[in-house]
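A.B. asks: below is the sequence, then the predicted model.
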Amino acid sequence: MKRYAHMVASLVLVLALLAACFMIPSSAGVTGKLKVMVMADPHMLASSMIADTKDYNDSLKKAPKLFAESEGIVDACLDRVRANRPDVLLVAGDMTKDGEHESHKVFAEKLEELQKDLPNLKIYVTDGNHDVNDSKAVNYNTESGEAEEVAVTAPEEFVSFYGVTYEDDSIIARYTPAEGQVSGQLSYVARPKKGYTFIVIDTCRYSADNTSTEEDEHETSGQISEDLEAWVLEQIKEAKKRGDTIIGMGHHNFVPHFTMEPTILGIYLVNDWERLATEFADAGMSYIFTGHQHAHDVARLVTDAGNELYDFQTGASATYPCPVRVVDFTRTKKNDGTVAEVLNGSTIEDLSVTYKDAISGKTKTIDNLTDYSKAYAFSGEMFKYRAEIYLTDKVSPVVADIAMPFLNNAIDDLTGIPVDQSGEHDLLDLVNYMFQSEAAGTDDGNDPSWFREAQDKVASGALLDEVLDVLSNDLGAAPESIAEAVVAVIIGATAEDVDLPFDTASAIAGKLVRAGFTGLGVIDPALEDDANEFLVDIVDSMTNDVNYGDDLTQYIRIVKKDGERVDPCTDKPIVYLDKSDSNQVYWLVETILGAGSKGV
């Protein structure tokens, strides 16, 4: 009995000591809360610019975006903002389809109406790659029935459209490019409430001083200048002096959201992302909100110094699952100057949308937008259309006319390859499952049995063998030059989003064809093994999130003193602090002491 009493007394003493590290003195307490809501990539096309024409319907084949419904989707998202009454609304870029003046005006008007309803709301926007200097901006609703080019939006016009942001009294600094420079000018700093600084970084490439072509034309990739980088670091320094929680926003990702993103979708990351993310994290920025990739995901980078940058990527309003992100920040300050930042996140989906269909003139209702948008996925017809456009533009219309019959057959046969034992699911199902899992933040490895069978087929090399057999059969009758062009299109059009140059695609295609893609022999086994390993990595990385798995809801806690990360008990740097790290003492204490310990 005495021994048992000693054990109990020891346990109580240990808990008391731990509690002393984590519990807040009564004279300290919560110093600031901030509710933030985020939407990204609405790609809104003003309904007045939509008509039932060939050009408009062709535009729907390029990507599965909900243009016809887009105004109603924006309205539904903003209604959720009204209901939740946050302190800040972030819009992480690509407000419009292609930067049409009319679309920007309509979107901005909706934000202005929102602010009238919520006068204390701060609305912070950033541009996306489709918003500024995009020459693809067209009006589909014309007398001729053909799409007509409209004026592109210049960066200074973007500022004028979104006075709801740029004229707000919470803006405390704006970036001014050096003489002769244009890029980055949409960057700014805002302080919506004491204790919180937002640094909005214009990551887009739309001006000759920042584009790869040295033209004033938008590009998909993101890049910031050395001057803008230095300005961001200076703004972080100033916010740190104020003792503020520092929150960033940019259109492009600063941390990869799946392991293969830098390899296959590098244009969704800002150029030189690892150095910039490390630099910003070590300077004092712990959180950044992004969009662009149309996926709902949280990723974390940890620097050698033990600092973290959490990249909150919010899924597109215009594509599945059409989410809105909510993050509640709480700052708690102790008497010794230690500040704990606690983030609680959630995701809003399944919106009900009512909109006026521009073509029929009828009012339509979507009961569940997430379910509705899931049907707008990749299709064989979409691949055919993109391939024909790619071949026509990159080679010639004559070659396209000759090659497309072979290519259409190849696409039909490729997408129809069965991937599971029952034969109920094909290669197209596999592709859509991968992309939609990553897009929805459900890439947790908890996959249906048919997908696991498909993974096994990929891993064994059997799927690639069938792909090569299909290409050999469908292209075997074509002249070698046409076969090379077709294979180049398959490679290039599939990789269009990663900006694969056509000459590179052609070189790969030529090598494959000469290696035996068209039935002239068997493909080099080493080349096939490399290709199969690459496919295995892609499938795994898009369906198994190994960075930070809690994409839909988050609980993140970071403790700082004088702006530096510390352990609340030892004053030493912390490398990881999140609920998934169950070995952390904090989570043990939280479990024992209850929710009260969260206030540290």
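C.D. replies: On my side now, so go ahead. Residues are numbered from 1 along each chain as shown.
A.B. asks: low-confidence ranges in the stretch 401-550 of the chain?
C.D. replies: 476-477, 480-481, 483-528 (pLDDT under 70).
A.B. asks: which parts of it are helices?
C.D. replies: 427-440, 449-460, 462-475, 480-494, 502-512, 525-543 (DSSP state H, counting those that start in this stretch).
A.B. asks: the stretch 1-150 of the chain too?
C.D. replies: With DSSP H, counting those that start in this stretch as the criterion, the stretch 1-150 of the chain has helices spanning 2-22, 54-62, 70-84, 101-117.
A.B. asks: just checking, what packs against the shortest one?
C.D. replies: Which is helix 54-62. helix 380-394 (3 or more Cβ pairs under 8 Å, 6 or more residues apart in numbering; DSSP states H and E). Backbone N, C-alpha and C define where each C-beta goes, glycine included.
A.B. asks: what residues sit buried inside the helix it packs on?
C.D. replies: Across helix 380-394, burial judged by 16 or more other Cβ atoms under 10 Å covers 380, 382-392, 394.
A.B. asks: same list (those) but as CSV, adding distance to Phe198 and pLDDT.
C.D. replies: Shown next, in CSV, are those (distance: Cβ to Cβ, whole Å; pLDDT from 0 to 100):
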residue, distance to Phe198, pLDDT
Gly380, 44, 93
Met382, 37, 92
Phe383, 40, 90
Lys384, 44, 90
Tyr385, 40, 90
Arg386, 37, 85
Ala387, 42, 81
Glu388, 44, 86
Ile389, 39, 85
Tyr390, 40, 76
Leu391, 45, 79
Thr392, 44, 83
Lys394, 42, 73
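A.B. asks: kindly reformat these as TSV containing distance to Ala283.
C.D. replies: Formatted as TSV, these follow (distance: Cβ to Cβ, whole Å):
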residue	distance to Ala283
Gly380	48
Met382	43
Phe383	44
Lys384	48
Tyr385	46
Arg386	41
Ala387	45
Glu388	48
Ile389	44
Tyr390	42
Leu391	47
Thr392	48
Lys394	43
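A.B. asks: can you flag the weakest of the helices of the stretch 1-150 of the chain by average pLDDT?
C.D. replies: When the helices of the stretch 1-150 of the chain are ranked by mean pLDDT, helix 2-22 comes last with a mean of 46.
A.B. asks: buried residues of stretch 174-189, list them for me.
C.D. replies: For stretch 174-189, burial by neighbour count (16+ other Cβ under 10 Å) applies to Tyr175, Pro177, Gln181, Val182, Ser183, Gly184, Gln185, Leu186, Ser187, Tyr188, Val189.
A.B. asks: that stretch: how far from the chain's middle?
C.D. replies: 24 Å (Cα atoms, centre = their mean, to the nearest Å).
A.B. asks: now stretch 327-344
C.D. replies: Put simply, stretch 327-344 sits 27 Å off its chain's centre (Cα atoms, centre = their mean).
A.B. asks: with stretch 297-316 instead?
C.D. replies: On Cα atoms, centre = their mean, the centre of stretch 297-316 falls 12 Å from that of its chain.
A.B. asks: please apply the same query to stretch 421-441.
C.D. replies: Averaging C-alpha positions (Cα atoms, centre = their mean) puts stretch 421-441 19 Å from its chain's average.
A.B. asks: same question for stretch 131-146.
C.D. replies: 26 Å.
A.B. asks: buried stuff in that stretch?
C.D. replies: Asp131, Val132, Asn133, Asp134, Ala137, Val138, Asn139, Tyr140, Asn141.
A.B. asks: contacts for it next, please.
C.D. replies: Outside stretch 131-146, the residues that touch it by Cβ atoms under 8 Å, 6 or more residues apart in numbering are 48-51, 53-56, 59, 93-102, 104, 147-155, 158, 186, 204, 206-207, 216-218, 358.
A.B. asks: strands - which of the residues you listed land there?
C.D. replies: Glu148, Glu149, Cys204 (DSSP state E).
A.B. asks: contact partners for the first one?
C.D. replies: Okay, so that is Glu148. Glu148 neighbours (Cβ under 8 Å, 6+ apart): Val138, Asn139, Thr142.
A.B. asks: can I get these in a markdown table including pLDDT and distance to Leu118?
C.D. replies: Putting those into a markdown table (pLDDT from 0 to 100; distance: Cβ to Cβ, whole Å) gives the following:
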| residue | pLDDT | distance to Leu118 |
| --- | --- | --- |
| Val138 | 98 | 34 |
| Asn139 | 98 | 32 |
| Thr142 | 97 | 37 |
